[in-house]
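Novice: need the 3D shape of this:
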Amino acid sequence: MNAITKLNTTLINPFEGTFDGSALDFTVETDDIFISAYHGASNSPEKKAVLKHGSNGIEDWWVVGRDYPVKSHRQYYTAIEREIMENMDPNHINGVQVTTRSARNGRWGLRDYTFPNVQVPVKTSDGHETTVSLRIVAWSGLDGLTANNYMLGAIDGFCTNGMVFTPSVDKESAHTKVYKRNTKNFSLDGFAVHLQSSVEVFYYQAEQYRKMALLPLTREHGQNFIDTLKMSENKRDGIKAIYSQEIIDRGQNVFSLHSALTNYSSHVNPNLFRTRTTKNDVQAESMFKREEEIYNVFSSHQWQELMAA
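Specialist: Just a heads-up that it's a prediction; the model follows:
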């Protein structure tokens with residue numbers, strides 16, 4: 001069994017086995033692409049093929065640039081998880097919950113880590129109580145269409161909304177979201193090292209949630225904020241419907257508006273939001289794009305002004 005020895009104690013790897021058998025658990029290799037010409041076939045000087053191997057042999061293949069560094073999903077997430085184990089308290093890691101998602105036949109992959117032992121209670125002025133737990137989300141692609149990414153966030157224990165942290169003027173050195181293109185100079189270890197401060201950033205952000213819970217916001221002002229969002233009218237109307245329920249549950253405060261936005265980014269809600277019907281397995285990626293969409297809302301000047309009111 002895999003383990004890391006640290007300070008004369010042995011930490012059993014809590015991630016062991018969580019990747020095995022998932023939709024991202026496959027190997028890749030590269031091969032030449034041959035260009036047919038009148039005088040015969042020759043190797044492409046600019047492109048190469050990536051072959052996806054499954055239990056029945058080659059299951060898929062795609063084309064990338066000749067210099068594109070190919071890695072497997074397992075290599076990527078192993079580096080993320082190793083950094084978590086080396087830089088977080090074992091008591092924080094114990095009981096970690098891992099969700100794996102895939103799209104584009106496995107070319108796009110995401111691992112969502114929730115740490116129930118790193119949590120903070122949040123109580124609104126109306127008396128509604130919940131807990132928020134640390135969350136780390138990492139995603140990447142194998143076909144050159146998605147860079148290497150991860151970001152820090154939280155899970156709301158009341159409604160299982162996934163929340164993402166945004167940069168704060170009070171915490172400029174904190175890395176809440178890291179993005180690196182997959183080039184020949186990309187270093188998995190260097191990329192993952194920013195996770196060292198994840199718990200510290202979580203506790204800071206949890207105080208922001210507590211502030212939201214006590215910061216009054218009338219229904220009218222909340223709806224006016226939703227009207228300013230750069231999205232379709234149908235989406236805004238759907239978020240307003242969720243917001244009305246959040247006010248009933250949590251009261252008239254900024255946290256209710258925050259929860260309405262994170263509900264939109266966490267749950268399909270087919271009765272409120274139309275999703276594209278496609279033959280390809282893109283729902284996981286499409287849903288996560290909602291999280292990035294809401295990340296931009298919480299990073300905006302409008303949201304900062306709301307928090308400063």
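Novice: so Gly95 touches Val118, yeah?
Specialist: No: here Gly95 lies out of contact with Val118, judged by CB atoms under 8 Å, at a distance of 10.0 Å. C-betas here are computed from N, CA, C, even on glycine.
Novice: where along this protein do the helices fall?
Specialist: Secondary structure of the chain (DSSP state H): helices at 73-87, 90-93, 188-192, 198-214, 219-227, 233-250, 254-266, 283-298, 301-308.
Novice: contacts only, for Ala213.
Specialist: By CB atoms under 8 Å, 6 or more residues apart in numbering, the contact list for Ala213 reads 122-125, 128, 250, 253-255.
Novice: those residues into a markdown table, with extra columns for pLDDT?
Specialist: Output for the contacts of Ala213, formatted as a markdown table (pLDDT from 0 to 100):
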| residue | pLDDT |
| --- | --- |
| Val122 | 94 |
| Lys123 | 95 |
| Thr124 | 93 |
| Ser125 | 87 |
| His128 | 92 |
| Arg250 | 93 |
| Asn253 | 96 |
| Val254 | 96 |
| Phe255 | 95 |
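Novice: buried subset of these?
Specialist: Buried members of those, scored by 16 or more other CB atoms under 10 Å, are 122, 124, 128, 250, 253-255.
Novice: deepest in the core, which of the helices of the chain is it.
Specialist: Most buried of these, by mean neighbour count (mean count of other CB atoms under 10 Å): helix 254-266, with a mean of 25.
Novice: okay, the buried ones among the contacts of Ala213 in CSV with distance to Ser44 next?
Specialist: What follows is the buried ones among the contacts of Ala213, written out as CSV (distance: CB to CB, whole Å):
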residue, distance to Ser44
Val122, 55
Thr124, 60
His128, 60
Arg250, 57
Asn253, 59
Val254, 55
Phe255, 54
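Novice: Asn269: how many residues sit nearby?
Specialist: By other CB atoms under 10 Å, 14 other residues sit near Asn269.
Novice: look up how far Leu215 lies from it.
Specialist: Distance of Asn269 to Leu215, given as CB to CB, to the nearest Å: 26 Å.
Novice: before we move on, what about Trp62?
Specialist: 48 Å.
Novice: domains of the chain?
Specialist: 27-65, 72-309 (automatic domain parsing).
Novice: closest to Asn13 out of those domains?
Specialist: Counting by CB to CB, Asn13 lies closest to domain 72-309 out of the domains of the chain; the figure is 6.7 Å.
Novice: ends of the closest one, how far apart?
Specialist: 47 Å (CA to CA, to the nearest Å).
Novice: repeat that for stretch 95-114.
Specialist: So stretch 95-114: terminal residues 9 Å apart, CA to CA.
Novice: buried set for it?
Specialist: Quick answer for stretch 95-114 (16+ other CB under 10 Å): 96, 98, 100-104, 106-114.
Novice: what's the spacing between that stretch and its chain's center?
Specialist: 9 Å (CA atoms, centre = their mean, to the nearest Å).
Novice: cool, and stretch 119-134?
Specialist: Worked out by CA atoms, centre = their mean, stretch 119-134 lies 22 Å from the chain centre.
Novice: using PDB, write out every CA atom in it.
Specialist: Extracted C-alpha coordinates of stretch 119-134, given in PDB (Å, rounded to 0.1, in the frame of the first residue of the first chain):
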ATOM      1  CA  GLN A 119     -14.800  23.000   7.900                       C
ATOM      2  CA  VAL A 120     -16.200  26.100   9.500                       C
ATOM      3  CA  PRO A 121     -19.800  26.800  10.600                       C
ATOM      4  CA  VAL A 122     -21.700  29.700   9.000                       C
ATOM      5  CA  LYS A 123     -24.800  31.200  10.600                       C
ATOM      6  CA  THR A 124     -26.900  33.900   9.100                       C
ATOM      7  CA  SER A 125     -28.500  36.800  10.900                       C
ATOM      8  CA  ASP A 126     -31.900  34.900  10.500                       C
ATOM      9  CA  GLY A 127     -30.500  31.900  12.300                       C
ATOM     10  CA  HIS A 128     -29.900  29.600   9.400                       C
ATOM     11  CA  GLU A 129     -26.900  27.400  10.000                       C
ATOM     12  CA  THR A 130     -24.600  25.400   7.600                       C
ATOM     13  CA  THR A 131     -21.000  24.300   7.400                       C
ATOM     14  CA  VAL A 132     -18.500  24.900   4.600                       C
ATOM     15  CA  SER A 133     -15.700  22.400   3.900                       C
ATOM     16  CA  LEU A 134     -12.500  22.800   2.000                       C
END
